[in-house]
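Asks: this is the structure alone, sequence omitted:
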Ligand code: OSB
Ligand code: MG
């Protein structure tokens with residue numbers, strides 16, 4: 001990304017957006033989405049929003065919402081200038097080790113401003129591809145204690161047109177519950193996949209192998225730093241297909257896992273890899289090496305979701321992205337119109353014309369802060 005960016009004011013919002021229902025995974029339960037919004041206002045009055053989509057606790061990544069707020073206040077804002085190049089800001093952000101979701105929120109806010117400048121190049125220049133008119137959507141489903149309830153959700157999701165159903169799993173989930181789901185999906189040409197969120201350890205590899213029956217990927221089977229367990233699992237169960245999530249935080253992680261022969265597929269989350277610039281580098285690497293890649297999600301509000309959608313629009317071969325419509329998550333979203341899905345597809349142009357509603361942000365704000373530059 002290139003260009004000069006001015007900065008007049010930064011506003012930070014900690015908001016709490018009520019969810020429609022509770023979501024349970026191997027990580028925990030959640031009933032609402034706490035998130036930080038970064039609002040970048042330049043000297044011309046252009047406005048850009050970015051979302052920090054990490055969790056409110058350190059159970060998915062080391063970052064958590066309230067700490068992100070402190071990082072931005074203490075270590076990012078004091079280093080920003082009234083005028084600087086996009087690359088200068090990336091350099092400042094890269095000087096901070098870790099904190100990818102937080103850095104990504106700042107980059108997205110700045111990127112949304114850059115996009116409004118007439119000389120700015122578009123993503124198609126950086127990704128060497130054209131924007132697709134629509135993107136296919138998959139749904140990420142929590143762990144259900146009740147099988148009848150799960151089947152109900154499965155049937156509903158199929159009827160809504162989702163292209164993929166992704167089930168959260170752990171060593172405590174009995175893989176046989178999916179035997180009845182599998183035919184329902186293949187009958188309707190819907191893809192099945194699993195997400196273990198790193199829950200399988202060395203003694204669970206045999207249990208992990210049960211998922212090879214379903215001829216699909218398991219996302220993040222083992223804890224993020226245990227590629228040794230994956231090499232062992234791969235040796236024992238050659239049919240195991242691995243998709244990475246938590247373990248990939250940078251281009252270096254992608255190259256390492258690819259060179260180890262483990263990277264069958266990548267779930268790319270912009271926040272997890274530290275922002276748009278890093279995502280572009282990773283997407284180009286995946287394209288050059290024929291590694292299937294799709295956009296993941298963190299149950300973002302509309303602000304983060306629009307950013308995910310914008311990148312997803314350049315993934316020519318993704319079968320499904322974790323990009324459910326707003327109505328799946330929230331009682332009401334903070335963008336208008338809300339993101340809608342039609343038969344498993346999201347209309348890119350229409351959605352990207354959505355407006356971010358400051359009055360809704362204010363309504364759901366728990367805390368806000370404002371910083372003006374000279
Ligand atoms: O593992 O992909 C994950 C949400 C929060 C933390 C981790 C994950 C997820 C999802 C959400 O699966 C997918 C979505 O936003 O629809
Ligand atoms: Mg995942």
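Replies: Cool, got the structure. Only a predicted model underlies this, so the values are computations on that prediction, with no experimental measurement involved. Ligands and ions are numbered 1, 2, ... in the order given.
Asks: so what's residue 200 scoring on pLDDT?
Replies: Residue 200 is assigned 97 on the pLDDT scale.
Asks: now for it: which residues touch it?
Replies: 170-171, 207-208, 221-222, 229 (Cβ atoms under 8 Å, 6 or more residues apart in numbering). C-betas here are computed from N, CA, C, even on glycine.
Asks: that one in helix, strand or coil?
Replies: coil (DSSP: H, G, I helix; E, B strand; the rest coil).
Asks: look up the closest residue to the residue nearest the centre of the chain, ignoring the ones flanking it.
Replies: Per Cα atoms, centre = their mean, the C-alpha nearest to the average position across the chain is that of residue 297, at 2.9 Å. Spatial nearest neighbour of residue 297, chain neighbours left out: residue 322 (4.1 Å); criterion: Cβ to Cβ, 6 or more residues apart in numbering.
Asks: for residue 131, same thing?
Replies: residue 313 (4.7 Å).
Asks: contacts only, for that neighbour.
Replies: Residue 313 touches 131-132, 135, 348, counting by Cβ under 8 Å, 6+ apart.
Asks: and residue 164, by the same measure?
Replies: Here residue 164 is in contact with 136-139, 190-193, 319-320 (Cβ under 8 Å, 6+ apart).
Asks: and residue 318, by the same measure?
Replies: 135-136, 292-295, 312.
Asks: repeat that for residue 128.
Replies: Neighbours of residue 128 in contact, by Cβ under 8 Å, 6+ apart: 284, 287.
Asks: measure it to residue 352 for me?
Replies: Distance check for residue 128 against residue 352: by Cβ to Cβ, to the nearest Å, it reads 20 Å.
Asks: pretty sure the residue nearest to residue 297 is touching residue 140, no?
Replies: Yes: counting by Cβ atoms under 8 Å, residue 322 sits close enough to residue 140 to count as a contact (5.2 Å).
Asks: shaky segments in the chain?
Replies: 25-26 (pLDDT under 70).
Asks: who are the contact partners of the closest residue to ligand 2 within it?
Replies: Among all residues of the chain, residue 245 sits closest to ligand 2, at 3.5 Å; criterion: Cβ to the ion. Residue 245 makes contact with 195, 197, 219-220, 267, 269, 272, 296, according to Cβ under 8 Å, 6+ apart.
Asks: so who does the closest residue to ligand 1 within the stretch 51-200 of the chain touch?
Replies: Nearest residue of the stretch 51-200 of the chain to ligand 1 (Cβ to the nearest ligand atom) works out as residue 140 at 3.5 Å. Neighbouring residues of residue 140 by Cβ under 8 Å, 6+ apart: 166, 168, 195, 297, 322, 324.
Asks: again, only this time at 6 Å
Replies: If you count contacts by Cβ atoms under 6 Å, 6 or more residues apart in numbering, residue 140 has them with 166, 322.
Asks: mind checking the SS state of it?
Replies: Residue 140 - assigned by three-state DSSP - is strand.
Asks: can you tell me how far the residue lying closest to residue 239 once chain neighbours are set aside is from residue 184?
Replies: Among residues not flanking residue 239 along the chain, residue 212 sits closest, at 4.1 Å (Cβ to Cβ, 6+ apart). To residue 184, residue 212 is 20 Å away according to Cβ to Cβ.
Asks: next one: residue 137
Replies: Counting by Cβ to Cβ - residue 137 and residue 184 are separated by 18 Å.
Asks: if we can go back for a sec, could I get the contacts of residue 313 as JSON lines with neighbour count and secondary structure?
Replies: Below are the contacts of residue 313 laid out as JSON lines (neighbours: other Cβ atoms under 10 Å; DSSP: H, G, I helix; E, B strand; the rest coil):
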{"residue": "131", "neighbour count": "15", "secondary structure": "coil"}
{"residue": "132", "neighbour count": "15", "secondary structure": "coil"}
{"residue": "135", "neighbour count": "28", "secondary structure": "strand"}
{"residue": "348", "neighbour count": "18", "secondary structure": "helix"}
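Asks: please list the residues of the stretch 1-150 of the chain that sit near ligand 1.
Replies: 60, 140 (Cβ under 6 Å from any ligand atom).
Asks: apologies, that question was intended for the stretch 151-300 of the chain.
Replies: So the stretch 151-300 of the chain meets ligand 1 at 195, 197, 245, 296-299 (Cβ under 6 Å from any ligand atom).
Asks: quick one, helices of the stretch 101-250 of the chain?
Replies: 123-127, 147-160, 181-187, 205-209, 227-236 (DSSP state H, counting those that start in this stretch).
Asks: tabulate these (CSV), appending mean neighbour count and distance to residue 73.
Replies: Listed next are the helices of the stretch 101-250 of the chain as CSV, based on neighbours: other Cβ atoms under 10 Å; distance: least, Cβ to Cβ, whole Å:
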stretch, mean neighbour count, distance to residue 73
helix 123-127, 16, 30
helix 147-160, 14, 40
helix 181-187, 14, 46
helix 205-209, 18, 42
helix 227-236, 16, 35
